[in-house]
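> Here you go, sequence then predicted model.
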Protein chains: 2
Amino acid sequence: MSMSVALMTDKYELTMLDAALAHGSAHRTCVFEVFTRRLPSWRRYGVVAGTGRFLEALNHFHFTKAHIDMLHADGALSDTTLDYLANYRFTGTISGYAEGEIYFPHSPVLTVEGTFAEAVLLETLVLSILNYDSAVASAASRMTAAAHGRPCLEMGSRRAHEEAAVAAARAAIIAGFSGTSNLEAGYRYGVPTIGTSAHAFTLLHDTEEEAFAAQVAALGTGTTLLVDTYDVTQGVTTAIKVAGTSLGAVRLDSGDLGAQAHTVREQLDRLGAHNTTIIVTSDLDEYAIAGLQAAPVDGYGVGTKVVTGSGSATSSMVYKLVARENSAGIMEPVAKASTSKSSIGGRKTGARLLIDNEAREEVVLVGERDATTAWLSTHPDYRPLEHTFVDGGTVDPQWTGREGLDRAVARHAASRAELNPHALRLQSGDLAVDTTMLPVGNL
Amino acid sequence: MSMSVALMTDKYELTMLDAALAHGSAHRTCVFEVFTRRLPSWRRYGVVAGTGRFLEALNHFHFTKAHIDMLHADGALSDTTLDYLANYRFTGTISGYAEGEIYFPHSPVLTVEGTFAEAVLLETLVLSILNYDSAVASAASRMTAAAHGRPCLEMGSRRAHEEAAVAAARAAIIAGFSGTSNLEAGYRYGVPTIGTSAHAFTLLHDTEEEAFAAQVAALGTGTTLLVDTYDVTQGVTTAIKVAGTSLGAVRLDSGDLGAQAHTVREQLDRLGAHNTTIIVTSDLDEYAIAGLQAAPVDGYGVGTKVVTGSGSATSSMVYKLVARENSAGIMEPVAKASTSKSSIGGRKTGARLLIDNEAREEVVLVGERDATTAWLSTHPDYRPLEHTFVDGGTVDPQWTGREGLDRAVARHAASRAELNPHALRLQSGDLAVDTTMLPVGNL
């Protein structure tokens, strides 16, 4: 993608910039923080995803001549502001939780530091990416946990905006999915792509047998035949008749999947197709996956529910100013104080207490960077969660691209393995660990 | 956007193509239909959106050399298939419900006719776009209906994937929203953009008064001041002190919005700011909007709930083969027949019975095009719902771009006005009209 993403921004960021430039406050040093006040009530943890995509997008965050012309015609912004935008480049620092990491309410998932002007402009893009990708990864992680090692395959592209579908495939992979049907995700990220045929292919041909024969002739006996277009038992008989006992898999996409899986497994074994596996699809979610664990199922294809975050289509992360230089040039914590949606001022760093490799507490240290670094250096049991992604405006490439994705996959598996096993139960309940806010400095 | 969208496709479409090309069935004429089996249980109608975006994307549906190289390396497809893809261009016909139109379960929202090869490849892109955009428009229409003429403003970009956010803004506009915070939507589609400031702008400054003064100095007294960063009553006092009684608006973003709106209205009037309006935001949905109708509120900013489809983040539209040429070259209806998720074979055309300009019935005519055209010509009370968007592969530009969008906005308003007013109630209940399937031909 070479397209600029700079206008994927709420207009108020530009009008705030305009007013702050005119007033002189635009160049005050600021700390913005991304966090959530809550998880969906039935979740015990969240999964950070999107950080790599955001960092890649940041490299394309510039206002083109056409953008400036459009903003000029709109008339809301001064020439000073338009000049600022035309030359915009983020020169600050961005740090936070690595992609794939577990997070909790109030975890400082991302911290953006720079002038007000340069940092305020990133709000919408940061949140769009982290909120969507983390919603998918958080749902996907519960699915892979429920699957207990059986592969989960992402097939939900048709149930998401076409670009969101690509991001969803990537986020699902981070949370342990084994592959995706989305070819663009394979193209951009090099992740495994899967898929063989739909009911339309069977219906295209005069008979199911003709369709199966055509598929096996082209794709080999290792393919997956979809056996539920007409009658499942007949479909399985025909599949083995056509492909032989080395058929790779059959797929069931309707009906009572658990009961059918037992029947089909018996039928396949009776026919001698002991190595032919059974893949199930059809509106699966984490609960359905858990419910099928006793069935002879070899893989789960998951669609709608993973790309729509299984009941929570977005995360509720916000981007809040938590500290800034005052008019005298002194850094101060700041926070909204009115009736609801209040926030906690000050720069923050997350760390996770591990005892015998099990996560016991999330601590959010509040204070300037030196103070939190000093605290962490004397508390080796706390695993530091803040990493630096962007320094002086330069994106560290280890957090992006295929390398960043591979590391995120490994990190999620490792981070989830630190949780007490009860945190992987699907039932509503307590968060996997509690979070403690701990002031350690002045900011 | 000049980017190709051809890989925003599930892999199985390409493996089906591969098998069908090898078998010879790939060039059979086919009719694929987009429809949904159900609406969310609490909805009485759906709103078609995305058709224009799909048609624009179709013009960019081609496989680049890099795509072909990736598919070749993947190894799943034959050279014949790769050659076919390298030269792919859709040459068939696409017709269906115009954008903005109301739809119901089994309404034939889109019909794609061409060879199996050319039509099967469009499944994922068609569904991704229509399912997401229609989910947003269907939610947004209930919000604008509940607002009874008060403006609804779309502000949900941060709660959706960054590209989905642009599509969401467009879909909300179709359903009657007055503007969007999303600048990219303004840039691409020329829709009105709105927004002035966030809590961060107030917090940036030493005092609220300094922030308001900076904003008014740059953006004028017609701006909207956000008055709930500290104390709302003090905020309103300061706002009028700084901007005078010609202040454009105040925005409330937290707390009990209805009660606050009454208090703030009284305060503004007492201060002489009779023309200063009140905009409310903060997790609004159609029910909250309805609940605020008695409050002195002048506009609703809607975020999360509109971009996530207010409880239904995707539509459940499917893309099904409903008719195709058999091996003898004869067109036949086809349909999946097994345990669940069955469909109704045959080519379909929708029409809506209007009596005294009120919609009374959705009829879905089943049969070849000549038969349905003949039926419609003798039933003038039925408004035909099928329009031709693509003929011989050429997209008719009246359905795309700004013209298509303007027409969709007008069409939605007109189509919704045909519904009996009870269909606009928010409570769960019957569909606005019933749908009748009516065979009129042989296909």
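Sure thing, it's come through. Numbering: from 1, shown residues only, chains lettered A, B, ... in the order given.

> May I see the buried residues of stretch A:196-206?
By neighbour count, and taking 16 or more other Cβ atoms under 10 Å in any protein chain shown as the criterion, the buried residues in stretch A:196-206 are A:196-205. In short, each C-beta sits where N, CA and C put it, glycine included.

> And those residues, which is closest to A:Ala432?
Using Cβ to Cβ, A:Thr196 comes nearest to A:Ala432 of these, at 37.6 Å.

> The closest one and chain B: what is the separation?
As for A:Thr196, its distance to chain B is 5 Å (criterion: Cβ to the nearest Cβ, to the nearest Å).

> what sits against that residue?
When the contact criterion is Cβ atoms under 8 Å, 6 or more residues apart in numbering or on different chains, the partners of A:Thr196 are A:215, A:219, A:223-226, A:251, B:12, B:15-16.

> Show the residue spans covered by the helices in the stretch 251-400 of chain A.
Secondary structure of the stretch 251-400 of chain A (DSSP state H, counting those that start in this stretch): helices at A:257-270, A:286-291, A:304-307, A:369-377.

> just checking, which of the buried residues of stretch A:196-206 belong to helices?
Judged by DSSP state H, helices contain the following of the buried residues of stretch A:196-206: A:199-204.

> Give me the distance between the two termini of stretch A:275-282.
Start to finish, the residues bounding stretch A:275-282 are 23 Å apart (Cα to Cα, to the nearest Å).

> make that stretch A:149-169, sorry
First-to-last distance for stretch A:149-169 - Cα to Cα - comes to 19 Å.

> Pull out the buried positions in it.
Those would be A:151-169, for stretch A:149-169 by 16+ other Cβ under 10 Å.

> Go through these and flag which are in helices.
Using DSSP H, the members of the buried residues of stretch A:149-169 that fall within helices are A:162-169.

> if we can go back for a sec, may I ask which of the contacts of A:Thr196 has the most neighbours?
Of all the contacts of A:Thr196, the most densely surrounded is B:Met16 (31 neighbours; neighbours counted as other Cβ atoms under 10 Å in any protein chain shown).

> After the helix or strand in which that residue is found, which helix or strand is next?
Counting by DSSP states H and E, the element that carries B:Met16 is helix B:11-23. Following helix B:11-23 in sequence order, the next helix or strand is strand B:29-36 (DSSP H and E).

> That following strand and chain A in contact?
Yes. If you take Cβ under 8 Å from any Cβ of the partner chain as the test, strand B:29-36 does meet chain A, through B:30, B:32.

> Off-centre distance for that strand?
Computed by Cα atoms, centre = their mean, to the nearest Å, the separation of strand B:29-36 from the middle of its chain amounts to 20 Å.

> and what of stretch A:15-27?
Taking Cα atoms, centre = their mean, one finds the center of stretch A:15-27 at 33 Å from the center of the full chain.

> What are the contacting residues of it?
A:76-78, A:80-81, A:84-85, A:115-117, A:120-121, A:327, B:195-198, B:200-201, B:204-205, B:210, B:213-215, B:217-219, B:223.

> can you check stretch A:320-333 too?
Stretch A:320-333 is touched from outside by A:25, A:28-35, A:116, A:334-336, A:343-348, A:366, A:368, A:443, B:199-200, B:203-206, with contacts defined as Cβ under 8 Å, 6+ apart.

> roughly how far is it from the heart of the chain?
Using Cα atoms, centre = their mean, the distance from the centre of stretch A:320-333 to the centre of the chain it belongs to is 31 Å.

> quick one: contacts for A:Phe389?
For A:Phe389, the contacting residues are A:51, A:55, A:94-96, A:395-396, A:399, taking Cβ under 8 Å, 6+ apart as the criterion.

> which of those tops the neighbour count?
The member of these that has the most neighbours, counting by other Cβ under 10 Å, is A:Thr51 with 30 neighbours.

> now that one: how far from A:Pro108?
13 Å (Cβ to Cβ, to the nearest Å).

> In which helix or strand does the spatially most central residue of chain A reside?
Residue closest to the mean C-alpha point of chain A, counted by Cα atoms, centre = their mean, is A:Asp133 at 2.9 Å. Here A:Asp133 sits within helix A:123-147, counting by DSSP H and E.

> Could you figure out how far that helix is turned away from helix A:11-23?
140 degrees (axes from the mean of the first three to the mean of the last three Cα atoms, to 10 degrees).

> Wondering if helix A:123-147 reaches chain B at all.
Yes. Contact between helix A:123-147 and chain B, assessed by Cβ under 8 Å from any Cβ, occurs at A:123-125, A:127-129, A:131-133.

> can you tell me which residues contact A:Leu431?
A:Leu431 makes contact with A:39, A:44-45, A:104-105 under the criterion Cβ under 8 Å, 6+ apart.

> Tell me the confidence at it?
According to the model's per-residue confidence, A:Leu431 sits at a pLDDT of 96.

> SS state for it?
coil (DSSP: H, G, I helix; E, B strand; the rest coil).

> thinking again about what came up before, could I get the contacts of A:Thr196 as CSV with pLDDT and distance to A:Met70?
Below are the contacts of A:Thr196 laid out as CSV (pLDDT from 0 to 100; distance: Cβ to Cβ, whole Å):
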residue, pLDDT, distance to A:Met70
A:Gln215, 98, 50
A:Leu219, 96, 48
A:Thr223, 97, 50
A:Thr224, 98, 48
A:Leu225, 98, 52
A:Leu226, 98, 48
A:Arg251, 98, 48
B:Tyr12, 97, 40
B:Thr15, 98, 43
B:Met16, 98, 42
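
> Closest one to B:Thr263 out of the residues you listed, please.
Nearest to B:Thr263 among the contacts of A:Thr196 is B:Tyr12, at 58.4 Å by Cβ to Cβ.

> pLDDT added to the residues of helix A:123-147 next to chain B, as TSV?
Formatted as TSV, those follow (pLDDT from 0 to 100):
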residue	pLDDT
A:Glu123	98
A:Thr124	98
A:Leu125	98
A:Leu127	98
A:Ser128	98
A:Ile129	98
A:Asn131	98
A:Tyr132	98
A:Asp133	98
